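In: structure for the following, please:
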Amino acid sequence: MLKRFGMTTLVLFVVGFGATSSSHVHAQATEAGVGRGDTTDLTRVLDGLEEESYRAWQSKDAKFWSAFFSEKFVSWGSSGRIDKAGAIREWSGLNCEIVSYQISDSQVSRLTPEVAVITHKTTVDGSCGGSRLPNASWMATAYVLEGTRWKAVFRAASAIVDPAKLPARAVDTTAANRPPSHDASTMAMLGREQAIWDAWKDRDAKRLDALVPQEIQFIDIFGTHIATRAETLSAWSGRGCDVKSFQLADARATMVTPDFGILTLYATVDGTCFGQPVIPVWTSSFYVKRGNIWMWSFGINIPAHANAI
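Out: Presented below is the predicted three-dimensional model:
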(Lines give C-alpha, C1' and ligand atoms only; values in the text may rest on other atoms or scores of the structure.)
Protein backbone atom coordinates (compact mmCIF):
# COMPACT_ATOMS: atom_id res chain seq x y z
CA MET A 1 0.00 0.00 0.00
CA LEU A 2 1.45 3.30 -1.06
CA LYS A 3 -0.53 5.73 1.03
CA ARG A 4 -1.69 9.17 0.51
CA PHE A 5 -0.03 10.72 -2.50
CA GLY A 6 1.34 7.90 -4.63
CA MET A 7 4.96 6.98 -5.13
CA THR A 8 7.90 9.14 -5.90
CA THR A 9 10.61 10.49 -3.62
CA LEU A 10 14.25 10.60 -2.85
CA VAL A 11 15.39 8.48 0.03
CA LEU A 12 17.76 9.61 2.72
CA PHE A 13 19.45 6.92 4.72
CA VAL A 14 21.16 8.81 7.49
CA VAL A 15 22.91 6.55 9.90
CA GLY A 16 25.49 7.20 12.55
CA PHE A 17 28.82 5.51 12.67
CA GLY A 18 30.99 5.57 15.74
CA ALA A 19 33.52 3.70 17.78
CA THR A 20 32.67 2.11 21.11
CA SER A 21 32.84 5.50 22.77
CA SER A 22 32.12 6.24 26.42
CA SER A 23 28.63 7.46 25.46
CA HIS A 24 27.94 4.22 23.63
CA VAL A 25 29.07 2.14 26.60
CA HIS A 26 26.85 4.23 28.86
CA ALA A 27 23.86 3.82 26.54
CA GLN A 28 24.31 0.06 26.38
CA ALA A 29 24.68 -0.18 30.14
CA THR A 30 21.42 1.71 30.51
CA GLU A 31 19.76 -0.75 28.13
CA ALA A 32 20.38 -3.62 30.50
CA GLY A 33 18.21 -1.82 33.04
CA VAL A 34 15.47 -1.28 30.49
CA GLY A 35 15.51 -4.87 29.20
CA ARG A 36 11.89 -5.74 28.63
CA GLY A 37 10.57 -2.75 30.58
CA ASP A 38 8.04 -0.12 29.59
CA THR A 39 8.03 2.07 26.50
CA THR A 40 8.87 5.25 28.43
CA ASP A 41 12.29 3.96 29.49
CA LEU A 42 12.81 2.36 26.09
CA THR A 43 12.13 5.64 24.31
CA ARG A 44 14.85 7.29 26.36
CA VAL A 45 17.34 4.55 25.46
CA LEU A 46 16.52 4.46 21.74
CA ASP A 47 16.53 8.26 21.51
CA GLY A 48 20.03 8.13 22.98
CA LEU A 49 21.22 5.52 20.49
CA GLU A 50 19.79 7.49 17.56
CA GLU A 51 21.47 10.68 18.76
CA GLU A 52 24.76 8.87 19.24
CA SER A 53 24.63 7.39 15.77
CA TYR A 54 24.12 10.80 14.19
CA ARG A 55 27.05 12.22 16.12
CA ALA A 56 29.21 9.35 14.89
CA TRP A 57 27.96 9.80 11.31
CA GLN A 58 28.82 13.48 11.47
CA SER A 59 32.30 12.78 12.85
CA LYS A 60 32.94 9.98 10.29
CA ASP A 61 33.58 7.44 13.04
CA ALA A 62 33.13 4.30 10.95
CA LYS A 63 34.00 1.80 13.70
CA PHE A 64 30.64 2.24 15.37
CA TRP A 65 28.70 0.13 12.88
CA SER A 66 29.89 -3.35 13.75
CA ALA A 67 28.58 -2.91 17.29
CA PHE A 68 25.53 -0.85 16.34
CA PHE A 69 24.10 -3.19 13.68
CA SER A 70 22.70 -6.64 14.30
CA GLU A 71 24.08 -9.50 12.22
CA LYS A 72 20.50 -9.92 10.96
CA PHE A 73 20.34 -6.39 9.57
CA VAL A 74 18.42 -5.83 6.33
CA SER A 75 17.50 -2.70 4.39
CA TRP A 76 17.93 -1.03 1.00
CA GLY A 77 20.96 0.56 -0.62
CA SER A 78 21.36 2.32 -3.94
CA SER A 79 21.49 -1.01 -5.81
CA GLY A 80 18.89 -2.97 -3.88
CA ARG A 81 18.55 -5.09 -0.74
CA ILE A 82 21.57 -5.02 1.58
CA ASP A 83 22.73 -6.82 4.70
CA LYS A 84 24.98 -5.61 7.54
CA ALA A 85 28.17 -5.73 5.44
CA GLY A 86 26.50 -3.82 2.63
CA ALA A 87 25.16 -1.24 5.04
CA ILE A 88 28.60 -0.63 6.50
CA ARG A 89 30.05 -0.15 3.03
CA GLU A 90 27.26 2.17 1.97
CA TRP A 91 26.80 4.21 5.10
CA SER A 92 30.31 4.66 6.47
CA GLY A 93 29.86 8.38 6.06
CA LEU A 94 33.47 8.90 5.03
CA ASN A 95 32.47 10.87 1.93
CA CYS A 96 29.93 12.97 3.82
CA GLU A 97 30.25 16.50 5.15
CA ILE A 98 27.55 17.10 7.76
CA VAL A 99 27.37 20.69 9.00
CA SER A 100 24.45 20.13 11.35
CA TYR A 101 21.47 17.89 12.09
CA GLN A 102 18.41 17.90 14.30
CA ILE A 103 16.21 15.01 15.46
CA SER A 104 12.62 15.69 16.56
CA ASP A 105 9.15 14.16 17.00
CA SER A 106 10.32 10.68 17.94
CA GLN A 107 7.75 7.92 18.46
CA VAL A 108 8.49 4.41 19.71
CA SER A 109 6.35 1.33 19.09
CA ARG A 110 7.29 -1.79 21.04
CA LEU A 111 6.30 -4.58 18.68
CA THR A 112 7.39 -7.50 20.88
CA PRO A 113 9.34 -7.74 24.16
CA GLU A 114 12.55 -7.99 22.09
CA VAL A 115 11.76 -5.67 19.15
CA ALA A 116 10.89 -1.97 18.87
CA VAL A 117 10.78 0.61 16.09
CA ILE A 118 11.57 4.29 16.58
CA THR A 119 10.56 6.94 14.05
CA HIS A 120 11.60 10.57 14.02
CA LYS A 121 11.89 13.60 11.80
CA THR A 122 15.43 14.59 10.85
CA THR A 123 16.70 17.84 9.36
CA VAL A 124 20.22 17.82 7.93
CA ASP A 125 22.55 20.43 6.47
CA GLY A 126 25.18 18.51 4.54
CA SER A 127 26.23 16.51 1.51
CA CYS A 128 27.54 13.06 0.64
CA GLY A 129 29.64 12.26 -2.42
CA GLY A 130 29.33 15.87 -3.52
CA SER A 131 25.53 15.71 -3.66
CA ARG A 132 23.47 17.74 -1.26
CA LEU A 133 21.33 15.71 1.11
CA PRO A 134 17.58 16.29 1.35
CA ASN A 135 16.91 18.83 4.05
CA ALA A 136 14.22 16.92 5.93
CA SER A 137 13.16 13.28 6.15
CA TRP A 138 11.35 10.74 8.30
CA MET A 139 13.60 7.99 9.66
CA ALA A 140 12.67 4.54 10.93
CA THR A 141 15.05 2.29 12.87
CA ALA A 142 14.07 -1.14 14.16
CA TYR A 143 15.98 -2.40 17.19
CA VAL A 144 16.25 -5.94 18.50
CA LEU A 145 17.28 -6.78 22.07
CA GLU A 146 20.28 -9.10 21.87
CA GLY A 147 21.24 -10.05 25.41
CA THR A 148 21.23 -6.69 27.18
CA ARG A 149 21.97 -4.59 24.08
CA TRP A 150 19.57 -3.03 21.62
CA LYS A 151 20.98 -3.36 18.10
CA ALA A 152 19.69 -1.89 14.85
CA VAL A 153 18.21 -4.56 12.59
CA PHE A 154 16.72 -2.18 10.01
CA ARG A 155 17.13 1.51 9.13
CA ALA A 156 15.74 3.62 6.31
CA ALA A 157 14.33 7.07 5.68
CA SER A 158 12.09 8.83 3.22
CA ALA A 159 12.77 12.45 2.33
CA ILE A 160 9.95 14.96 2.74
CA VAL A 161 9.12 16.08 -0.80
CA ASP A 162 6.44 17.57 -3.02
CA PRO A 163 4.93 14.70 -5.05
CA ALA A 164 4.20 16.96 -8.04
CA LYS A 165 7.90 17.80 -8.46
CA LEU A 166 9.32 14.29 -8.49
CA PRO A 167 10.69 12.54 -11.60
CA ALA A 168 9.33 9.25 -12.88
CA ARG A 169 11.36 6.07 -12.38
CA ALA A 170 11.78 3.19 -14.79
CA VAL A 171 10.73 -0.31 -13.81
CA ASP A 172 13.59 -2.63 -12.89
CA THR A 173 12.57 -5.60 -15.04
CA THR A 174 15.05 -7.90 -13.30
CA ALA A 175 13.58 -7.22 -9.87
CA ALA A 176 10.02 -7.20 -11.20
CA ASN A 177 10.48 -10.73 -12.57
CA ARG A 178 12.33 -12.12 -9.56
CA PRO A 179 10.16 -14.64 -7.69
CA PRO A 180 9.74 -14.59 -3.91
CA SER A 181 11.69 -16.80 -1.56
CA HIS A 182 9.69 -19.96 -1.02
CA ASP A 183 10.33 -20.49 2.67
CA ALA A 184 7.31 -20.74 4.96
CA SER A 185 7.84 -17.37 6.67
CA THR A 186 8.07 -15.45 3.40
CA MET A 187 5.00 -17.17 2.00
CA ALA A 188 2.96 -16.47 5.15
CA MET A 189 3.92 -12.79 5.32
CA LEU A 190 3.54 -12.29 1.58
CA GLY A 191 0.01 -13.65 1.74
CA ARG A 192 -0.90 -11.02 4.33
CA GLU A 193 0.92 -8.32 2.36
CA GLN A 194 -1.00 -9.22 -0.79
CA ALA A 195 -4.28 -8.96 1.11
CA ILE A 196 -3.39 -5.47 2.39
CA TRP A 197 -2.40 -4.23 -1.06
CA ASP A 198 -5.61 -5.70 -2.50
CA ALA A 199 -7.67 -3.84 0.09
CA TRP A 200 -5.73 -0.63 -0.59
CA LYS A 201 -6.34 -1.01 -4.34
CA ASP A 202 -10.06 -1.48 -3.69
CA ARG A 203 -10.20 1.33 -1.10
CA ASP A 204 -11.82 -1.12 1.28
CA ALA A 205 -11.58 0.27 4.82
CA LYS A 206 -13.42 -2.71 6.34
CA ARG A 207 -10.93 -5.26 4.99
CA LEU A 208 -7.99 -3.08 6.01
CA ASP A 209 -9.41 -2.75 9.51
CA ALA A 210 -9.33 -6.53 9.90
CA LEU A 211 -5.75 -6.84 8.68
CA VAL A 212 -3.83 -4.54 11.05
CA PRO A 213 -3.44 -4.39 14.85
CA GLN A 214 -4.35 -1.51 17.14
CA GLU A 215 -0.96 0.22 17.25
CA ILE A 216 0.75 0.97 13.93
CA GLN A 217 2.89 3.61 12.23
CA PHE A 218 3.65 4.13 8.55
CA ILE A 219 6.03 6.26 6.45
CA ASP A 220 5.24 6.76 2.78
CA ILE A 221 7.50 7.56 -0.15
CA PHE A 222 6.89 11.29 0.16
CA GLY A 223 8.26 11.41 3.68
CA THR A 224 4.80 11.54 5.23
CA HIS A 225 4.67 9.95 8.68
CA ILE A 226 1.33 8.57 9.88
CA ALA A 227 1.39 8.06 13.63
CA THR A 228 -1.90 6.28 14.35
CA ARG A 229 -4.04 3.42 13.16
CA ALA A 230 -7.03 5.62 12.39
CA GLU A 231 -4.95 7.97 10.24
CA THR A 232 -3.35 5.06 8.41
CA LEU A 233 -6.64 3.35 7.57
CA SER A 234 -8.16 6.64 6.45
CA ALA A 235 -5.22 7.31 4.14
CA TRP A 236 -5.12 3.81 2.63
CA SER A 237 -8.86 3.69 1.96
CA GLY A 238 -9.16 7.27 0.68
CA ARG A 239 -10.09 8.45 -2.80
CA GLY A 240 -6.71 9.77 -3.85
CA CYS A 241 -5.54 6.70 -5.77
CA ASP A 242 -6.93 5.03 -8.87
CA VAL A 243 -5.17 1.66 -9.13
CA LYS A 244 -5.85 -0.95 -11.79
CA SER A 245 -3.33 -3.56 -10.65
CA PHE A 246 -0.07 -4.12 -8.80
CA GLN A 247 2.70 -6.70 -8.64
CA LEU A 248 4.76 -7.73 -5.60
CA ALA A 249 8.08 -9.31 -6.56
CA ASP A 250 11.40 -10.39 -5.03
CA ALA A 251 9.81 -10.86 -1.60
CA ARG A 252 12.03 -12.11 1.20
CA ALA A 253 11.38 -12.47 4.94
CA THR A 254 14.26 -11.82 7.31
CA MET A 255 13.52 -13.60 10.58
CA VAL A 256 14.79 -11.53 13.49
CA THR A 257 13.14 -13.48 16.32
CA PRO A 258 10.69 -16.41 16.20
CA ASP A 259 7.76 -13.97 16.41
CA PHE A 260 9.13 -11.03 14.40
CA GLY A 261 10.21 -10.75 10.78
CA ILE A 262 10.87 -8.05 8.17
CA LEU A 263 9.39 -8.59 4.71
CA THR A 264 11.23 -6.72 1.94
CA LEU A 265 9.99 -6.67 -1.65
CA TYR A 266 9.81 -4.75 -4.95
CA ALA A 267 6.40 -3.41 -5.96
CA THR A 268 5.09 -1.98 -9.23
CA VAL A 269 1.67 -0.43 -9.76
CA ASP A 270 -0.48 0.35 -12.77
CA GLY A 271 -2.32 3.44 -11.64
CA THR A 272 -2.13 6.98 -10.31
CA CYS A 273 -2.31 8.67 -6.93
CA PHE A 274 -3.45 12.29 -6.85
CA GLY A 275 -2.80 12.59 -10.55
CA GLN A 276 0.79 11.27 -10.38
CA PRO A 277 1.85 7.90 -11.87
CA VAL A 278 2.71 5.38 -9.19
CA ILE A 279 6.41 4.58 -9.49
CA PRO A 280 8.27 1.38 -8.48
CA VAL A 281 8.85 1.11 -4.76
CA TRP A 282 10.92 -0.84 -2.27
CA THR A 283 8.60 -1.93 0.52
CA SER A 284 9.64 -2.94 4.03
CA SER A 285 6.90 -4.35 6.25
CA PHE A 286 7.34 -5.50 9.86
CA TYR A 287 5.33 -8.57 10.86
CA VAL A 288 4.58 -9.83 14.38
CA LYS A 289 3.28 -13.34 14.93
CA ARG A 290 0.10 -13.48 16.97
CA GLY A 291 -0.75 -17.12 17.53
CA ASN A 292 -0.55 -18.61 14.05
CA ILE A 293 -1.10 -15.32 12.19
CA TRP A 294 1.53 -12.86 10.97
CA MET A 295 0.21 -9.33 11.58
CA TRP A 296 1.45 -6.28 9.65
CA SER A 297 2.64 -3.86 12.35
CA PHE A 298 4.79 -1.18 10.67
CA GLY A 299 5.88 -0.20 7.17
CA ILE A 300 8.03 2.21 5.20
CA ASN A 301 8.01 2.59 1.41
CA ILE A 302 10.83 4.24 -0.57
CA PRO A 303 11.28 4.77 -4.32
CA ALA A 304 13.27 1.93 -5.87
CA HIS A 305 16.86 2.90 -6.73
CA ALA A 306 16.59 6.24 -5.00
CA ASN A 307 19.80 7.93 -3.93
CA ALA A 308 21.32 6.58 -0.74
CA ILE A 309 24.38 7.46 1.32
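In: could you give me the buried positions within stretch 103-115?
Out: 103, 107-112, 114-115 (16 or more other C-beta atoms under 10 Å). C-beta: built from backbone N, CA, C; applies to glycine.
In: mind listing residues that contact it?
Out: 36, 39, 42-43, 46-47, 50-51, 54, 116-123, 142-145, 153, 215-217, 225, 227, 256-257, 259-260, 286, 288, 297-298 (C-beta atoms under 8 Å, 6 or more residues apart in numbering).
In: name only those of those that count as buried.
Out: Neighbour-count burial (16+ other C-beta under 10 Å) is assigned, among these, to 42-43, 46-47, 50-51, 54, 116-122, 142-145, 153, 216-217, 225, 256-257, 259-260, 286, 288, 297-298.
In: next step: those restricted to strands.
Out: 116-122, 142-145, 153, 217, 225, 256-257, 260, 286, 288, 297-298 (DSSP state E).
In: how many neighbours does Ser59 have?
Out: Look at Ser59: counted by other C-beta atoms under 10 Å, it has 16 neighbours.
In: same question, the one 5 residues further on
Out: As a burial measure, Phe64 scores 25 neighbours (other C-beta under 10 Å).
In: doesn't Arg55 make contact with it?
Out: No - when contacts are counted by C-beta atoms under 8 Å, Phe64 is not listed as touching Arg55 (9.4 Å).
In: okay, and the beta partners of the closest residue to Glu114 other than its chain neighbours?
Out: Excluding the flanking residues, the one nearest Glu114 by C-beta to C-beta, 6 or more residues apart in numbering is Leu145, at 4.4 Å. Applying DSSP bridges to Leu145 gives these bridge partners: Trp150.
In: low-scoring stretches of the stretch 51-200 of the chain, by residue?
Out: Within the stretch 51-200 of the chain, no range satisfies pLDDT under 70.
In: strands of that one, start to end?
Out: Using DSSP state E, counting those that start in this stretch, the strands found in the stretch 51-200 of the chain span residues 75-77, 80-82, 96-112, 115-128, 131-132, 136-146, 149-159.
In: now distance to Gln247 too, for these, in JSON lines please.
Out: JSON lines is the format used below for these (distance: least, C-beta to C-beta, whole Å):
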{"stretch": "strand 75-77", "distance to Gln247": "18"}
{"stretch": "strand 80-82", "distance to Gln247": "17"}
{"stretch": "strand 96-112", "distance to Gln247": "28"}
{"stretch": "strand 115-128", "distance to Gln247": "27"}
{"stretch": "strand 131-132", "distance to Gln247": "31"}
{"stretch": "strand 136-146", "distance to Gln247": "24"}
{"stretch": "strand 149-159", "distance to Gln247": "21"}
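In: relative to Ile196, which of those is closest?
Out: strand 96-112 (16.7 Å; C-beta to C-beta).
In: the longest helix along the chain to strand 149-159, inter-axis angle?
Out: Counting residues, the longest helix found in the chain (DSSP state H) is helix 39-58. Helix 39-58 and strand 149-159 are oriented at 70 degrees to each other (axes from the mean of the first three to the mean of the last three C-alpha atoms, to 10 degrees).
In: got the domain boundaries for this structure?
Out: Structural domains assigned to the chain are 22-163, 168-303, following automatic domain parsing.
In: quick one: the first one to chain centroid distance?
Out: Centroid separation between domain 22-163 and its chain, computed with C-alpha atoms, centre = their mean, to the nearest Å, is 11 Å.
In: then the last one?
Out: The chain centroid and the centroid of domain 168-303 are separated by 12 Å under C-alpha atoms, centre = their mean.
In: now do stretch 152-165: distance to the chain's middle.
Out: The answer for stretch 152-165 is 8 Å, by C-alpha atoms, centre = their mean.
In: and it, end to end?
Out: 33 Å (C-alpha to C-alpha, to the nearest Å).
In: in it, what counts as buried?
Out: 152-161, 163.
In: go on, stretch 276-287?
Out: 276, 278-287.
In: need the contact list for Ile82.
Out: 74-76, 90.
In: Lys289 versus the closest residue to Gly77 other than its chain neighbours, what's the distance?
Out: Spatial nearest neighbour of Gly77, chain neighbours left out: Glu90 (4.6 Å); criterion: C-beta to C-beta, 6+ apart. With distances taken as C-beta to C-beta, to the nearest Å, Glu90 is found 30 Å from Lys289.
In: now swap in Thr264 and tell me
Out: Relative to Lys289, and taking C-beta to C-beta, Thr264 is found at 17 Å.
In: just Leu145 next, same as before
Out: Distance, Leu145 to Lys289, by C-beta to C-beta: 17 Å.
In: pLDDT value on Leu2, please?
Out: The score at Leu2 is 54. That number is its pLDDT.
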